[in-house]
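**Q** build me a structure from this.
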Amino acid sequence: VWTVGDDIAWLKPDSEGRLRAINPESGFFGVAPGTSAKTNPNAMATLARNTIFTNVALTPDGGVWWEGMTDEPPAECLDWQGNKWTPEIAAKTGAKAAHPNSRFTAPASQCPTIDPAWEDPNGVPISAILFGGRRATTIPLLYQAFNWSAGVYMGATIGSEMTAAAAGVVGKVRRDPMAMLPFCGYNMGDYFRHWIRMQRSLAETPRIFHVNWFRKDENGAFLW
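**A** Numbers count the residues shown, from 1 in each chain. Predicted coordinates for the structure are as follows:
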């Protein structure tokens, strides 16, 4: 599996009816808390150098830290507001070392799985499309659509638990069609219609899947 972009890809059929994608951005931009060598080793390898961090904690040795980055927190650090933070302070006050919406941004070229042709102006051939939602329960880890139309319906009906990255009650399920609700610049009905009509331009359709990496078991641990 190769990566074109972490946040955006522009999809367009080529002259032979093969769906291709380009990434108009040159970097990756992600939420730091919860990102670790266990949950996302490729992201950690990507941000190991040449990276800008915002609202994370600063360790005494000049490194960065956020909740979920390591099994054991540092004994002491400066939190995202510049205040002293320790595990004891956190236990007593609930203070977070890093802001829940703290971020990192790094060059996409540093990703271990970046597609060798990711900067090819003709785009990278797409063989599968994965829609993803954040659901701790109910939705399985992975399932595949029967066909293109079913895949469009799958993407159109995605729901995700809200996080600190969006306004609202954290944990409440919000309908987020194709994970595009904050980014689609026109009527969502027209957007769905565009997806359905795009099949007419394709000689072969990529397989469509729904993934839910956030599914947890009865003990609150990720299923995968």
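**Q** got the CA coordinates for the helix or strand A43 falls within in PDB?
**A** Following DSSP states H and E, the helix or strand that holds A43 is helix 41-46. Provided in PDB are the C-alpha atoms of helix 41-46 (Å, rounded to 0.1, in the frame of the first residue of the first chain):
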ATOM      1  CA  PRO A  41       4.600   4.200  12.900                       C
ATOM      2  CA  ASN A  42       4.700   5.800   9.400                       C
ATOM      3  CA  ALA A  43       3.600   9.200  10.800                       C
ATOM      4  CA  MET A  44       6.200   9.000  13.500                       C
ATOM      5  CA  ALA A  45       8.900   8.300  11.000                       C
ATOM      6  CA  THR A  46       7.700  11.100   8.800                       C
END
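**Q** distance from the chain centre to that helix, please.
**A** Computed by CA atoms, centre = their mean, to the nearest Å, the separation of helix 41-46 from the middle of its chain amounts to 13 Å.
**Q** what's the answer for stretch 198-211, then?
**A** 21 Å.
**Q** quick one on the thing from earlier: per-residue confidence averaged over the helix or strand that the helix holding A43 is followed by?
**A** Counting by DSSP H and E, the element after helix 41-46 in chain order, helix or strand, is strand 52-54. Across strand 52-54, pLDDT averages out at 98.
**Q** starting from strand 52-54, tell me which strands it pairs with and how they run.
**A** Sheet neighbours of strand 52-54, with direction, are listed as strand 103-107 (antiparallel) (DSSP bridges).
**Q** now the strand it pairs with: buried residues?
**A** Using 16 or more other CB atoms under 10 Å as the burial criterion, the residues of strand 103-107 that qualify are R103, F104, A106. C-betas here are computed from N, CA, C, even on glycine.
**Q** surely the second one touches I52?
**A** Right, F104. Yes. Between F104 and I52 a contact is recorded at 7.0 Å, counting by CB atoms under 8 Å.
**Q** counting by contacts, list what the helix holding A43 packs against.
**A** Here helix 41-46 touches strand 27-31, going by 3 or more CB pairs under 8 Å, 6 or more residues apart in numbering; DSSP states H and E.
**Q** go with 10 Å
**A** Where contact means 3 or more CB pairs under 10 Å, 6 or more residues apart in numbering; DSSP states H and E, helix 41-46 is packed against strand 27-31, strand 103-107.
**Q** find residues that contact each of F104 and I52.
**A** G27, F29 (CB atoms under 10 Å, 6 or more residues apart in numbering).
**Q** and for the longest helix seen in the chain, what's in contact with it?
**A** Using DSSP state H, we find that the single longest helix of the chain is helix 188-198. Here helix 188-198 makes contact (CB under 10 Å, 6+ apart) with 11-13, 19, 148-149, 151-153, 155-156, 175, 177-178, 180-181, 184-187, 205.
**Q** switch the cut-off to 8 Å
**A** Helix 188-198 is contacted by residues L11, P13, W148, S149, V152, G155, A156, P177, M178, M180, L181, C184 when judged by CB atoms under 8 Å, 6 or more residues apart in numbering.
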